[in-house]
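In: can't give you the sequence, but here's the structure:
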């Protein structure tokens, strides 16, 4: 069986690389384009859209059941940039304010819960109750209680984004290696420095997992609030469009929402990559 | 005569756990002289790490007392350096920032002298040129060297080492042992070194304390009959071999 390894070794040497390369012969530019990461995803996405367009046309599916991609694209431009901007800004504003407020409350609260077992014991069940109550059911009640304006929408967004942030941050703060806490105690360092120099940095990966979950939840929260009562926002726009049976328009709104969520998610990921590169999972 | 660096007097330690009371240590008495290197040898779970935490003041004894330089240990003391089993470095900080972390953590800033000392310590542990690297880019042995340099930053009188080489591969472990002998020769310290490697204890220490399992107590106290300086050739000396054999048979006999 000694011939096998020699054969394998010599064959890999003899075989020209171009023969196994599917885009051999193409210009370097196209070759790089075709092998770029994400090209497979984009390709399959385009294929689905084409298939969808053909199916809708061949079987003459009415647009209020399933609009063709071309009609959805058309409705993008027929709405006009200024109207899109108003709706996107309304949703984005509520989502971002709610998200920011949630972070500002959740992280200090997680620190307090770490410092005080009493607070942790009393607050944690309360948080679970709030989290277990469907936000969609609470939203109309909050709208009635807090009235018109951004306030109730921000509160709804806060409610939905809060829980993952508190729980993850608290877990991260407690997941610090006990040796480093002993080191801190043996140095007789001030307690707050144990938080800022050891516990919080160690919690960064946990906080960012929660930030990534919460950013998409923030968009959901804003849309839920718009469904209940509002006169602007992408959620409102979708509801308004469906009530008028303008399905291509509703689909266009849906795509804008998805794109918005995706872009915000990428933004959080980018922030983690550029600010805390060490906190990303290791690639082997 | 000056008081010993560390003195345990009829020390007992009991932990209240969810499953009841656990007696970790019973009637432990021993002394460690200044600049003496003492290895504590024993099976897992015999309360060896508890001894270190008592010396560091991270734990209060249930009964008896621990004295460091003649004073009863009541609270954490900062004249003690600790090297843990795992390097436990800060993954976001460079090697030099990890070494001067104790200063930054204690006072919020690092003085130029401390920065200089950190650089000197890195040279001493053989990590010159790695100052700007992150811990992740280092091997396990190199990370533990950073841990040793960090423990020495405040120039402590006492160095506590809790199975510092047990997470390393056999070869690295030996090299680290010889390096520790060199560092100890350069900068004498009072060292309490916990291990469950018989040969490591015999090679490194001036004295070896053998402990029994739960509740932990000191079984025997053996002086290593080999002088200093020691080096790789010391490992081949008959006295070290004989002592290792004796300690090993002693441990096996007790375990049976």
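Out: Structure received. It should be emphasised that the depicted structure is a prediction, and the values quoted were computed from it without experimental measurement.
In: is residue B:29 in a helix, a strand, or coil?
Out: When states are read from DSSP: H, G, I helix; E, B strand; the rest coil, the local structure at residue B:29 comes out as strand.
In: need the pLDDT of it.
Out: Looking at residue B:29, its pLDDT stands at 91.
In: can you pull the contacts of it?
Out: B:8-11, B:64, B:218 (C-beta atoms under 8 Å, 6 or more residues apart in numbering or on different chains). Bear in mind the C-beta positions are built from the backbone N, C-alpha and C, glycine included.
In: mind doing that once more with 7 Å?
Out: With contact set as C-beta atoms under 7 Å, 6 or more residues apart in numbering or on different chains, residue B:29 has these partners: B:8-10.
In: flag the shaky bits of the chain, pLDDT-wise.
Out: You didn't pick a chain, so chain A it is. Under the criterion pLDDT under 70, the flagged ranges of chain A are A:1-26, A:34, A:282-284.
In: chain B is the one I meant
Out: Residues of chain B that meet the criterion pLDDT under 70 lie in B:1-2, B:255-256.
In: tell me where it has strands.
Out: Secondary structure of chain B (DSSP state E): strands at B:6-17, B:20-32, B:37-41, B:63-68, B:71-72, B:80-83, B:158-162, B:190-195, B:207-211, B:218-223.
In: quick one: closest of these to residue B:140.
Out: Minimum separation from residue B:140 across these (C-beta to C-beta) falls at strand B:80-83, 13.6 Å.
In: which elements pack onto the closest one?
Out: Of the remaining helices and strands, those touching strand B:80-83 by 3 or more C-beta pairs under 7 Å, 6 or more residues apart in numbering or on different chains; DSSP states H and E are helix A:178-186, helix B:140-152, strand B:158-162.
In: how far off centre is it?
Out: 7 Å (C-alpha atoms, centre = their mean, to the nearest Å).
In: same deal with stretch B:244-256?
Out: What separates the centre of stretch B:244-256 from the centre of its chain is 22 Å, taken as C-alpha atoms, centre = their mean.
In: with stretch B:227-244 instead?
Out: Here the centre of mass of C-alpha atoms in stretch B:227-244, compared against the chain's by C-alpha atoms, centre = their mean, lies 20 Å away.
In: can you check stretch B:42-49 too?
Out: Between the centre of stretch B:42-49 and the centre of its chain there are 13 Å (C-alpha atoms, centre = their mean).
In: domain parsing for chain A?
Out: For chain A, automatic domain parsing gives the domain ranges A:19-60, A:77-279.
In: do me a favour and get the end-to-end distance for the last one?
Out: This points to domain A:77-279. Chord length of domain A:77-279, first to last residue, is 42 Å (C-alpha to C-alpha, to the nearest Å).
In: buried ones in stretch B:133-144?
Out: Under the neighbour-count criterion of 16 or more other C-beta atoms under 10 Å in any protein chain shown, stretch B:133-144 has B:134-135, B:138, B:141-144 buried.
In: and the stretch 51-200 of chain B, which residues reach chain A?
Out: Within the stretch 51-200 of chain B, the positions adjacent to chain A are B:56, B:58, B:76, B:78, B:80, B:82, B:84, B:86, B:88, B:90-92, B:102, B:105-106, B:108, B:134 by C-beta under 7 Å from any C-beta of the partner chain.
In: selecting buried members of those in PyMOL, what would you type?
Out: With 16+ other C-beta under 10 Å as the criterion, this PyMOL line picks the buried residues out of these:
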select buried, chain B and resi 56+58+76+80+82+84+86+88+90+92+102+105+106+134
